[in-house]
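The sequence isn't on hand, but the structure is:
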């Protein structure tokens, strides 16, 4: 359907044609198992190690610190579980607006392993209260794991990863950051970032689904989460997702090369839509730190709740407009968004997340605004 307007890029992005082209040979001729010793296998092994070097170079990490996984969820599960099991953390500090890949993992460890769990305060604009974080760390008698996402997938707020990393350093805490919404969207310099674990998922930046990465700082020694073979330097058993890994590296390379141009284009669309909404929809408001420390890809909008607007997402869908109410991961359950509930609990408002990519245009925004005027 060529007339579909896709404004849900924080959920997933379309696979870029150049990424698919880079993957194709490994879906067809170069099918060898990367663990096999004959030439077919060595070709596959080489493709994976070249991808690893490419990703490490872009993120300014060492190739030995980059591990490929099935996605952000597996990466976060691995890091959080290892911090408790292998690194001696007995107290987890997180926030109530994390992605469920983090929240459900820490809740599990809290209940089953009796690990202490604290939630840092959230300011009204959706940012983390850094004073409260330092306060919790300063009184904790146990070694802490701090797990806070770099950018929120629903409202777009970005933390100061260096400030939080330095607070963690001061109290000898392990720091894991879910960077799924920022890897491929912002430059990283991991050599000079005080963080132990970060995560990435190719499908958030025009790569394939089902492949992600976990960065493990070289000073951190953990055991595998998935056991079996010696793949990923004994860190993740199972035959590697060869074409996924090749696609991850290609997508990250393209995102990095075109970062300046594309981020400017996307930010323009976000601001254009914000202004158009303010001009055309009475009593519209925005969630999070929209014009401040925020993703250029996400605009989270609160519409006044009326009989018409309650069915808003459904009606947008009928009109071939894709947007979401919270994160895609919970949209089927329609329990509303745990993030919006935390920062802006107005029962008389309906929150909709619009998220943009390099493929979107201002013309599409105009069409969506016209539709919203009809629907609200």
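Thanks, I have the structure now. In this text the structure is predicted, and so the values were computed from the model without any measurement.

Relative to residue 78, how far out is the nearest residue in space to residue 304 that is not next to it in sequence?
Nearest non-adjacent residue to residue 304, counting by CB to CB, 6 or more residues apart in numbering: residue 283, 4.7 Å away. Placement of C-beta: from N, CA and C, glycine included. Going from residue 283 to residue 78 by CB to CB, to the nearest Å gives 44 Å.

out of these two, which sits in the busier spot?
Set residue 283 next to residue 78 and count neighbours by other CB atoms under 10 Å: residue 78 wins out with 25 against 10.

What does the pLDDT read for the more buried one?
Note for residue 78: predicted pLDDT of 98.

With residue 347 instead?
76.

Find the residue closest to it in space, skipping its chain neighbours.
residue 305 (7.4 Å).

same check, this time on residue 187
Closest to residue 187 by CB to CB, 6+ apart is residue 259, at 6.8 Å.

so where do the helices sit in this protein?
Using DSSP state H, the helices assigned to the chain run over residues 17-27, 39-59, 72-85, 100-112, 130-139, 161-170, 231-234, 242-257, 259-280, 312-318, 338-343, 362-375.

Centre of the chain to the last one, how far?
In this view, helix 362-375 has its centroid 27 Å away from the chain centroid, taken as CA atoms, centre = their mean, to the nearest Å.

quick one: buried residues of that helix?
364-365, 368-369, 371-372, 375 (16 or more other CB atoms under 10 Å).

Kindly indicate which of the residues you listed lies nearest residue 268.
residue 365 (10.1 Å; CB to CB).

Let me see the contact set for the closest residue to that closest one other than its chain neighbours.
Closest residue to residue 365 in three dimensions, ignoring its sequence neighbours and counting by CB to CB, 6+ apart: residue 273, at 4.7 Å. Residue 273 is in contact with 299, 354, 365, 368-369, counting by CB atoms under 8 Å, 6 or more residues apart in numbering.

isn't the residue nearest to residue 347 right up against residue 336?
No. Residue 305 is beyond contact range of residue 336, at 11.7 Å (criterion: CB atoms under 8 Å).

How many residues are close by residue 234?
11.

for the chain, which spans come out with low pLDDT?
Along the chain, the model assigns pLDDT under 70 to residues 1-2, 326-335.

domain ranges for it?
5-14+259-375, 17-257 (automatic domain parsing).

Out of the ones you listed, which is the most enclosed?
domain 17-257 (a mean of 19; mean count of other CB atoms under 10 Å).

so how far is it off the chain centroid?
For domain 17-257, the distance to the chain centre is 10 Å (CA atoms, centre = their mean).

Residue 269 contacts residue 360, doesn't it?
Yes. Using CB under 8 Å, residue 269 makes contact with residue 360 at a distance of 5.5 Å.

Need the overlap of contacts for those two.
Counting by CB under 8 Å, 6+ apart, nothing touches both residue 269 and residue 360.

Residue 71 contacts residue 207, doesn't it?
No. At 10.6 Å, residue 71 and residue 207 do not qualify as touching, with contact defined as CB under 8 Å.

circling back to that earlier point, okay, the helices of the chain in JSON lines with distance to residue 187 next?
Putting the helices of the chain into JSON lines (distance: least, CB to CB, whole Å) gives the following:
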{"stretch": "helix 17-27", "distance to residue 187": "20"}
{"stretch": "helix 39-59", "distance to residue 187": "8"}
{"stretch": "helix 72-85", "distance to residue 187": "19"}
{"stretch": "helix 100-112", "distance to residue 187": "24"}
{"stretch": "helix 130-139", "distance to residue 187": "23"}
{"stretch": "helix 161-170", "distance to residue 187": "12"}
{"stretch": "helix 231-234", "distance to residue 187": "25"}
{"stretch": "helix 242-257", "distance to residue 187": "7"}
{"stretch": "helix 259-280", "distance to residue 187": "7"}
{"stretch": "helix 312-318", "distance to residue 187": "33"}
{"stretch": "helix 338-343", "distance to residue 187": "26"}
{"stretch": "helix 362-375", "distance to residue 187": "26"}
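
right, and these - which one's nearest residue 214?
Once these are compared by CB to CB, helix 72-85 is nearest, at 3.9 Å.

so the closest one versus helix 100-112, what angle?
30 degrees (axes from the mean of the first three to the mean of the last three CA atoms, to 10 degrees).
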